[in-house]
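Visitor: Quick one, fold the following:
(2 chains)
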Amino acid sequence: EPEVTQTPSHQVTQMGQEVILRCVPISNHLYFYWYRQILGQKVEFLVSFYNNEISEKSEIFDDQFSVERPDGSNFTLKIRSTKLEDSAMYFCASTELGWNTEAFFGQGTRLTVV
Amino acid sequence: RKEVEQDPGPFNVPEGATVAFNCTYSNSASQSFFWYRQDCRKEPKLLMSVYSSGNEDGRFTAQLNRASQYISLLIRDSKLSDSATYLCVVNMRGQAGTALIFGKGTTLSVSS
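Guide: Take a look at the predicted model:
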């Protein structure tokens, strides 16, 4: 069964450092997303990406965040200068083109900012 | 203003029980509705989409009431493996590339 894969599974970084979280979406999917979940809280939308540009972003996705599809398979989330409150599980997801909005999620990257 | 609201539970039920979860959403223009399941510290996994006419998948039945902005999930004959957090999810524009709005989830614990 095709799946979304994310690396690393866990990243520990110092406050102020840059981190890049990586994702390989399902190969025939065309929309890609990043969500985050702070421990004990709900899953929150960050950004969606289609055709090499951002489709939609939330208030959380400020100038510290950026996304990129550097090649035909990877989809990355960069946090420029991490803060303690960026500590969360970050999930990548993908959907097929069209009205089907069923999103398939990767296993997540647990980011810990110390 | 909470966009998607769920009773957090926990719901503690014995094996074989029937359990129902409810969810309300605030935006009447919402187009697509889902139930996802999330195991502890794992990713959300799609359980089922929710259609206006109601739909069933084995032991799981989902209902949507657009007038009341209310979604439900019924689990019959609960199994130990059903223990998880059930997330009510809404997509306001009903198209790919737009945000899924998650509820905080309802925790189910099934015991033998």
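Visitor: Straight-line length of stretch B:15-31, end to end?
Guide: 34 Å (CA to CA, to the nearest Å).
Visitor: The lowest-mean-pLDDT helix or strand in chain A pairs with which strands?
Guide: Using mean pLDDT, DSSP states H and E, strand A:53-57 stands out as the lowest-scoring helix or strand of chain A, at a mean of 92. Sheet pairing here is set by DSSP bridges, and for strand A:53-57 it gives strand A:43-50 (antiparallel).
Visitor: Around chain A, pick out the residues from chain B.
Guide: Counting by CB under 8 Å from any CB of the partner chain, the residues of chain B close to chain A are B:32, B:34, B:38, B:41-46, B:49, B:87, B:91, B:94-105. Using the backbone N, CA and C atoms, a C-beta is placed for each residue, glycine as well.
Visitor: in the chain, which ranges drop under the pLDDT threshold?
Guide: If you meant another chain, say so; for now it's chain A. A:98-101 (pLDDT under 70).
Visitor: Let me rephrase: I mean chain B.
Guide: Using pLDDT under 70, chain B drops low at B:1-2, B:94, B:96.
Visitor: what do you get if the cut-off is 90, keeping everything else the same?
Guide: B:1-2, B:7-9, B:27-32, B:41, B:51-54, B:91-99 (pLDDT under 90).
Visitor: what about the strands in it?
Guide: B:4-6, B:11-14, B:19-25, B:32-38, B:44-50, B:55-57, B:60-65, B:70-75, B:84-91, B:100-102, B:106-111 (DSSP state E).
Visitor: Could you dump these into CSV and include distance to residue A:61 and mean neighbour count?
Guide: Compiled in CSV, these are given as follows (distance: least, CB to CB, whole Å; neighbours: other CB atoms under 10 Å in any protein chain shown):
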stretch, distance to residue A:61, mean neighbour count
strand B:4-6, 19, 21
strand B:11-14, 34, 14
strand B:19-25, 22, 19
strand B:32-38, 21, 22
strand B:44-50, 19, 19
strand B:55-57, 33, 12
strand B:60-65, 30, 18
strand B:70-75, 27, 20
strand B:84-91, 18, 24
strand B:100-102, 15, 24
strand B:106-111, 28, 18
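Visitor: Fine by me, we can end here.
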